[in-house]
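Undergrad: next come a sequence and a model predicted from it.
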Amino acid sequence: MGGLFFLLCNLAAQEAWSLSDCIRYALENNLDVKRQHKEIERQEIQQQTNILNRLPDLNAGSTQKFDFGRSLNRENTYNDVNSQNSSFSLTTEATLFNGMKTLHTIARQQLELKVHHENLEKIRNDISMQIAVCYFQILLNKEIVNIAHEQITLSRELEETTVELALHGKVASSQVYDVQAQVAYDELTATKAQNTLRLSVVELIQLLEMEDVGAFDIQTIGEDVGSFIIQNPYEIYTLARQFMPQIKSAELSVESSERAVKIARSGYYPVLSLAAGISSSYYHFSNAANISFGNQVENNLQKTVYLSLRIPLFDRLSTRNAVRTARKNHEESSIIADQAGKTLYKEIQKAYYDALSAQEKYLSTEKAVYANMEAMRYALEKYNAGKFTAYEYNEVKLKLANCLSEQAQAKYEWMLQKKLLDFYSGIPIY
């Protein structure tokens, strides 16, 4: 909690949240992460239980019995007498051999505990990726809002120019209304862009498990889109297989299913147990002389040590079916492990080619943006000279806005996919 308090104070001071700040905060407060921690704690308790099952048990027992009416006495005759009998016992039993079932159960539980740790890492990675996607979406939406406001500025400047030209009779008065309509349309576009930005911020706040924060903002990330990762998808995949939790979890599940087969096969073996016990009793008869409690307990003391062997002969084929089921589960876990590897490779391959496409698109839009800026400059000159209508000018302005938007989309798409590829290569997202 101390670290979290420091983080909150630090974020409050700097106002804008970085990607690292967002991910760290989410990992500390996400409910799925907390739930998985509880599951790990439960698995640790189960592991401790399995280990302690190797120890012998110890049980104490006592019985109090009362008899009334006619009963057989020491002279082998019946008479009316009331009696009571107290018995005490202390027993212990330990399993010496059960087909290695206990050993395999402990080993399997240890593997299951590791699986849950890897699942926790998988949850943390998924949350980090979700935060990164939402973070870059906000950056894109902010840039689109800036582009929309720039369009409003250009339209208002055009409105002032058009009014001036109309006063001097250089353009028709109707063009003033056309330009004013364009200003209204640009303002509507900016409002839509602002609403989209607001919704993306709300989505990030929800991922952070925070209450709505009105002044919430994020930091800008700058990176050269011209650079690109050197490794190809298969090289990145080879690295990722060594540490990605979904791969390690699947491989551990295969090992766990192998142990499950051995546990099921232990049902074919006999069970050998060692037991020991000590017991005594006390008898009291009405209308008769009774030996004292202490003397009776000492005289009736009995000690027992014995071995118990249980050999399975026929269990209605339940062990055979348990083994067959465990083997099917093992085969299924192997298939799931193969599928996890293929899924990871597809994710890396998609991120790689998405990044490559975004980079190529960005480089293409650089040329398009420059060309449209030049076209915009010439269009403004022609409009001021009365050789362009407001409609024609707005067409050129709209093309420039579209190019800028596509360039922003390519930029942040590349940055996101590059971040994911770095992550698959072993570089943390935050």
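TA: Happy to help now that I have it.
Undergrad: can you give me the strands in the stretch 1-150 of the chain?
TA: In the stretch 1-150 of the chain, the segments counted as strands under DSSP state E, counting those that start in this stretch are 16-17, 57-67, 70-72, 78-80, 83-97.
Undergrad: which outside residues touch stretch 236-252?
TA: 111, 114-115, 118-122, 125, 229, 231, 333, 336-337, 340-341, 343-345, 348-349, 352, 421, 424-426 (C-beta atoms under 8 Å, 6 or more residues apart in numbering). In short, each C-beta sits where N, CA and C put it, glycine included.
Undergrad: out of the strands of the stretch 1-150 of the chain, which is closest to Q151?
TA: Relative to Q151, the nearest member of the strands of the stretch 1-150 of the chain by C-beta to C-beta is strand 16-17, separated by 25.5 Å.
Undergrad: identify the residues contacting the closest one?
TA: By C-beta under 8 Å, 6+ apart, the list of residues contacting strand 16-17 reads 11, 25, 216-219.
Undergrad: and stretch 22-29, by the same measure?
TA: 3-4, 7, 11, 17, 33, 124, 127-128, 131-132, 135, 204, 207-210, 218, 429-430.
Undergrad: and with 10 Å instead?
TA: The contact list for stretch 22-29 (C-beta atoms under 10 Å, 6 or more residues apart in numbering) reads 1, 3-4, 7-8, 11, 17-18, 33-34, 123-124, 127-132, 134-135, 138, 204-205, 207-210, 216, 218-219, 428-430.
Undergrad: one more: stretch 270-280?
TA: So stretch 270-280 is in contact with 56-57, 59, 61-63, 86-99, 101, 296-312, going by C-beta under 10 Å, 6+ apart.
Undergrad: swap in 6 Å and give it another go.
TA: 88-98, 297, 300-311 (C-beta atoms under 6 Å, 6 or more residues apart in numbering).
Undergrad: that stretch - what's its average pLDDT?
TA: Throughout stretch 270-280, pLDDT has a mean value of 96.
Undergrad: what do you get for stretch 288-296?
TA: Across stretch 288-296, pLDDT averages out at 82.
Undergrad: next: stretch 395-407.
TA: Over the span of stretch 395-407, the pLDDT mean works out to 94.
Undergrad: what about that stretch, distance to the chain center?
TA: Relative to its chain's centre, stretch 395-407 lies at 40 Å (C-alpha atoms, centre = their mean, to the nearest Å).
Undergrad: in it, what's buried?
TA: 396-401, 403-407 (16 or more other C-beta atoms under 10 Å).
Undergrad: about what we covered before: and the buried ones among the contacts of stretch 22-29, selectable in PyMOL?
TA: Of the contacts of stretch 22-29, the buried ones go into a single PyMOL selection, burial set by 16+ other C-beta under 10 Å:
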select buried, resi 11+17+18+33+123+124+127+128+129+130+131+132+134+135+138+204+205+207+208+216+218+219+429+430
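Undergrad: roughly how far apart are L208 and D32?
TA: Distance of L208 to D32, given as C-beta to C-beta, to the nearest Å: 13 Å.
Undergrad: which of the buried residues of stretch 395-407 sits closest to R327?
TA: E406 (55.0 Å).
Undergrad: ok, now which ones touch the residue lying closest to that closest one once chain neighbours are set aside?
TA: Closest residue to E406 apart from its sequence neighbours, by C-beta to C-beta, 6 or more residues apart in numbering: T365 at 5.3 Å. By C-beta under 6 Å, 6+ apart, T365 lies in contact with 403, 406-407, 410.
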